[in-house]
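In: Got a sequence here, can you build the structure:
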Amino acid sequence: MIKILVTIVFIVACVALGALSGASNVPGEWYQSLDKPFFNPPGCIFAPVWTVLYVMIGVALSAIWFEEDNRRLLVLFAIQAALNLLWSPAFFGLHSPVLGLVIIVPLLVTILMFIAAGWQKNRTAAWLFVPYALWVAFATVLNLSIVLLN
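Out: The predicted structure is shown next:
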C-alpha cells in the first residue's frame, strides 16, 4: 500500500511542478515572433506530451525510490529534475534560446545517464525514461534550430 501512495505522490508532484513551470513561463508574443524550423510542432502538442512524460517520470522515481543502493539514480534524477525545471524560465522567461540550449544539453546527457545507470539497477525506470529522452532530444534539436535561425 505504501508503494502505491508513494507512486501517486511522485506522479502528482512531477505533474504539478511541470504544470507550474509551464504556466509561469508561457511562450507568448516573443516566442511567436521567432523564426522556427519547419518541424516545430503546434503549441497544442506540448501540454499533453509533457503531462504524459511527467506521469512516466513520477512512476520512474517511484520505481527507484525503494531500491537498495539507489543513491546514484536519485542524484541523477534530482539533477535532471532541476535542469528540466530551469529550462522554461531560461528559454521563455528570460527570452534566451541560448541559455535554454546551455540547460537542455546537460539535461539530455543526464537523462541518458539515468537510463544507462537504471538499465543495470531498475530496467523499468530506465524504460520509463526512454520516451522522455527522445522528446528532450527532439526539443534540443528544436532549441538549437531556433538559436541558429534567430
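In: so what pLDDT did the spatially most central residue of the chain get?
Out: Centroid-nearest residue in the chain, with C-alpha atoms, centre = their mean: N84, separated by 4.7 Å. Note on N84: pLDDT of 97.
In: And for the one 10 residues further on?
Out: Predicted confidence (pLDDT) for L94: 95.
In: How about residues contacting stretch 1-18?
Out: Residues from elsewhere that reach stretch 1-18 (C-beta atoms under 8 Å, 6 or more residues apart in numbering): 50-51, 54-55, 57-59, 61-62, 65-66, 81, 84-85. Backbone N, C-alpha and C define where each C-beta goes, glycine included.
In: I figured the residue nearest to the centre of the chain hits L107, correct?
Out: Yes. Using C-beta atoms under 8 Å, N84 is in contact with L107, at 6.0 Å.
In: Next, count neighbours for I57.
Out: A count of nearby residues for I57, using other C-beta atoms under 10 Å, gives 29.
In: Now it: closest residue in space, sequence neighbours ignored.
Out: C14 (4.9 Å; C-beta to C-beta, 6 or more residues apart in numbering).
In: and if you look at V136?
Out: Nearest non-adjacent residue to V136, counting by C-beta to C-beta, 6+ apart: L108, 5.0 Å away.
In: Residues touching the host helix or strand of that neighbour, excluding its own?
Out: Using DSSP states H and E, L108 sits within helix 97-121. If you take C-beta under 8 Å, 6+ apart as the criterion, helix 97-121 is touched by 34, 60, 64, 67, 69-70, 72-73, 76-77, 79-80, 83-84, 86-87, 90-91, 125-126, 129-130, 132-133, 136-137, 139-140, 143-144, 146-147, 150.
In: re earlier: from the contacts of stretch 1-18, which would you call buried?
Out: Neighbour-count burial (16 or more other C-beta atoms under 10 Å) is assigned, among those, to 50, 54-55, 57-59, 61-62, 65, 81, 84.
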